[in-house]
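Student: when you get a sec, could you give me coordinates for this:
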Amino acid sequence: MAPTGNITLSKGTHTVTLQTVEVDDNYSNKVNEKLPTLREPQAQSLGPRDKIVIDLLDITHEMLVRGEITPTSTQTAEDVRDELITMMKGAGVDSGSGQNMYITVTYGTNTYTMFMTKLAVKEKSTDFSPTSDAQEKSDYQGSSKYTVQITLFEGVSAV
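Tutor: Below you'll find the model as predicted:
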């Protein structure tokens, strides 16, 4: 899936919007393979037999999001980073409290109920203006300070 702009993650009272750089939207299906019955030795010249497959329709949906944290008019980049870490740590929401235990992910026109399984935050330098030229310095002010990589897994809770 090509990035379509921003992705929004919400959990409890916490909401974060990230500028996407790359989004991998992965689906997999678990199937159950059964071995065919054995051939008699005199029938082996017929070649291998097809396996029997039972499609369980056990679909797994996982998203890998790579994005950038940029400051907004209401939050610094550090605030956004801290919100993401809070979501990863449960956002102060008890498991038995229904939908609040999930992270609601809005991407494009789609909304998913997902769990955050991995969060990696990388801090990068924002002081990389090559000259003292005022115009060039102002060009860098909107640059992101953090890049993030988040793995999200769609599903329902057993609780």
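Student: quick one: pLDDT of the spatially most distant residue from the centre of the chain?
Tutor: Of all residues in the chain, residue 42 has its C-alpha farthest from the mean position, at 53.3 Å, by C-alpha atoms, centre = their mean. On the pLDDT scale, residue 42 is placed at 72.
Student: from here on, count from 29
Tutor: All set: I'll call the first residue 29, so the last point we hit is now residue 70.
Student: the helices in the chain, which residues?
Tutor: 105-116, 162-167 (DSSP state H).
Student: which stretch in the ones you listed has the least confidence?
Tutor: Of all the helices of the chain, helix 162-167 has the smallest average pLDDT, which comes to a mean of 46.
Student: so who does residue 54 touch?
Tutor: Going by C-beta atoms under 8 Å, 6 or more residues apart in numbering, residue 54 touches 88, 89, 90, 91, 92. All C-beta atoms are positioned from the backbone trio N, CA, C, and that covers glycine.
Student: over to residue 34?
Tutor: 45, 46, 47, 48.
Student: give me the pLDDT for the residue nearest to the third one when sequence neighbours are not counted.
Tutor: What that stands for is residue 47. Once flanking residues are discounted, residue 47 sits nearest to residue 96: 4.8 Å by C-beta to C-beta, 6 or more residues apart in numbering. Note for residue 96: predicted pLDDT of 88.
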